[in-house]
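[1] My questions concern the predicted model and sequence given below.
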Amino acid sequence: MNLAHTTLLLCTWGSLQAFEIVEKENIFQRTPCPAFLMFDNAAYLADMSFELPCHCKPEEVPAVVWYYQRHLGSSHTKVLTDFDGRVLTEAAHLRVGSDMLVRFSIRMFSLLVFQAQPEDSGLYFCGTRKGDYFYAYDVDIQSSEGMVATFKDQGQEPIADDHHGSLRVFTTFWEWTPCDRCGVRGEQWRIGLCYLQSPDLSPRYRRAQPDVVSCGSQSVPRKLRAKARDRTPELLVRSCVVPCEEKKKIREGVMAIFNYVSKVGSRPWMPQVPIQFHQQRLGHGLIISCPGARPEHAVAWDKDHQYLYRTQYLRGVNRSMRVFIDHGNHLHIRFTQLGDRGIYYCWRQGVKIAGFRLGVISRGFYPVSFSDPETRSAVELTLIGYLLITAVFVTIHLCRCCCYLFHCCPNFSP
């Protein structure tokens, strides 16, 4: 009886393995590769990370190679692979402005691009080492510079559509984010990107809706793209209130220690979230990032018991703002003052996850590094000053030489 059960179990396990292998082999059979290469249009906001899946490939191709072209038919093509099918990149080690060849990864035949920049807009091809393409994307990365913020609580409305004959330029909004805080009044927003509708688009680019693509798509003729150039992305913000989920109870051992300490003396302060300590020199700028947050996440900032709402602290609300939140959810403090000392709490997707205790010092050793933008600015200003002084010095001596050469200088000798 045991032998029969064992045999039945092995047969069942073998059939499950065979079923799993068949399913893996049929993934790319569901979407046949087009006979004529088409481009799927996709639009994202700058500093976002996105994934481009390779929806089809021949069964005999074991690994894919991704290629990038700025324009269709360009002679300069970037190869986005190490020719082993994938390149592993840690997103935490990336910096804004890094080259695209550093900010990408290939996993399970899909291309991942981290912290995309407007310069990354273009055509992405999924193909083989020999240069045979079987899937492609038309990617449009729209800059957040000049992004228009609309606050619904203040009665503001999104920008109206622009019409230029048969061309219609409008904003397409994403879904609302979750409320960025819980238990208190929070905010939620949705990102809107520039799109246009026209019958004059190239038929080679695949679209979700008829005659509708993003404003920076390669399918848009140059004359139409110039008319949509002034349209910027939008950010729609509104208030929200949601309850907090029940927090997990503290372990009994930790509570026993706290109760003992409270009997001996005053009960110690227990932070609700992990706290990171940082000291900043007086008068220098500081940028604080929320751990694990991306531009599309709902992120909020508090200073001690003060809520930093976007209606007051979003970048661009006031040009003279010294403390503001940019469109990438980073908290900026320009020209740090003594009053900036405190604990800055970070919320992500409605949950408070981290805190930063900021201390401001007026003296002390400050390490000089060329990675510091203020150090680079000081060096650049110093070099520009020396160049101007040198140019003035050389110009004066050249004028004197010309005067003496042509005997046009006055003679001041008695």
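    Cool, got the structure. All values reported here derive from a predicted model rather than from experimental measurement.

[2] Please make it C-alpha for all contacts and neighbour counts, starting now.
    OK.

[3] List the beta-bridge partners for the closest residue to residue 233 other than its chain neighbours.
    Spatial nearest neighbour of residue 233, excluding adjacent residues (Cα to Cα, 6 or more residues apart in numbering): residue 193 at 4.7 Å. Counting by DSSP bridges, residue 193 is bridged to residue 172.

[4] Quick one: mean pLDDT for stretch 291-304?
    In this model, stretch 291-304 has a mean pLDDT of 89.

[5] start to end distance for it?
    Start to finish, the residues bounding stretch 291-304 are 18 Å apart (Cα to Cα, to the nearest Å).

[6] ok, now stretch 104-122?
    End-to-end distance for stretch 104-122: 15 Å, by Cα to Cα.

[7] Quick check: mean pLDDT of it?
    pLDDT averaged over stretch 104-122 gives 85.

[8] top helix in the chain by residue count?
    The longest helix of the chain (DSSP state H) is helix 373-406.

[9] tell me the mean pLDDT for that helix?
    When pLDDT is averaged over helix 373-406, the result is 85.

[10] Start the count at 5 instead of 1 going forward.
    Okay, using 5 as the starting number, the last item reads as helix 377-410.

[11] ok, and the closest non-adjacent residue to residue 157?
    Per Cα to Cα, 6+ apart, closest to residue 157 is residue 242, 5.9 Å.

[12] burial count for the one you found?
    The local packing of residue 242 (other Cα atoms under 10 Å) involves 18 other residues.

[13] about what we covered before: check contacts around the residue nearest to residue 237.
    Neighbouring residues of residue 197 by Cα atoms under 8 Å, 6 or more residues apart in numbering: 47-49, 146, 175-177, 218, 236-238.

[14] where's it relative to residue 173, distance?
    Distance from residue 197 to residue 173, by Cα to Cα: 11 Å.

[15] swap in residue 403?
    The gap separating residue 403 from residue 173 is 57 Å, by Cα to Cα.

[16] buried sites along stretch 384-398?
    Within stretch 384-398, no residue counts as buried by 16 or more other Cα atoms under 10 Å.

[17] With stretch 161-171 instead?
    Buried residues in stretch 161-171 (16+ other Cα under 10 Å): residue 171.

[18] what about it, how long is it end to end?
    22 Å.

[19] Spell out for me which residue occupies the centre of this structure.
    Residue closest to the average C-alpha location in the chain (Cα atoms, centre = their mean): residue 51, at 1.8 Å.

[20] what residues are up against it?
    Counted by Cα under 8 Å, 6+ apart, residue 51 has contacts 100, 118-121, 299, 332.

[21] quick one: secondary structure of it?
    Following DSSP: H, G, I helix; E, B strand; the rest coil, we place residue 51 in the coil state.

[22] so what's it scoring on pLDDT?
    The model reports residue 51 with a pLDDT of 82.

[23] got it, and residue 85?
    Looking at residue 85, its pLDDT is 67.

[24] cool, residue 80 as well?
    82.

[25] In the stretch 205-354 of the chain, where is pLDDT below threshold?
    Low-confidence segments of the stretch 205-354 of the chain (pLDDT under 70): 251-275.

[26] To what extent is the nearest residue to residue 198 once chain neighbours are set aside buried, counted in neighbours?
    Take residue 198 and drop its neighbours on the chain: the residue closest to it by Cα to Cα, 6+ apart is residue 175, 4.8 Å away. Look at residue 175: counted by other Cα under 10 Å, it has 22 neighbours.

[27] Tell me the spacing between residue 175 and residue 194.
    Distance from residue 175 to residue 194, by Cα to Cα: 11 Å.

[28] repeat for residue 284
    Counting by Cα to Cα, the gap from residue 284 to residue 194 is 34 Å.

[29] Residue 107 too?
    Counting by Cα to Cα - residue 107 and residue 194 are separated by 26 Å.

[30] Of the two, which one has the most company?
    Counted by other Cα under 10 Å, residue 107 and residue 194 do not tie: residue 107 has more neighbours, with 23 against 18.

[31] Please name the spatially closest residue to the more buried one (chain neighbours excluded).
    residue 118 (5.2 Å).

[32] That neighbour contacts residue 52, correct?
    Yes: applying Cα atoms under 8 Å, one finds residue 118 in contact with residue 52, separated by 6.7 Å.
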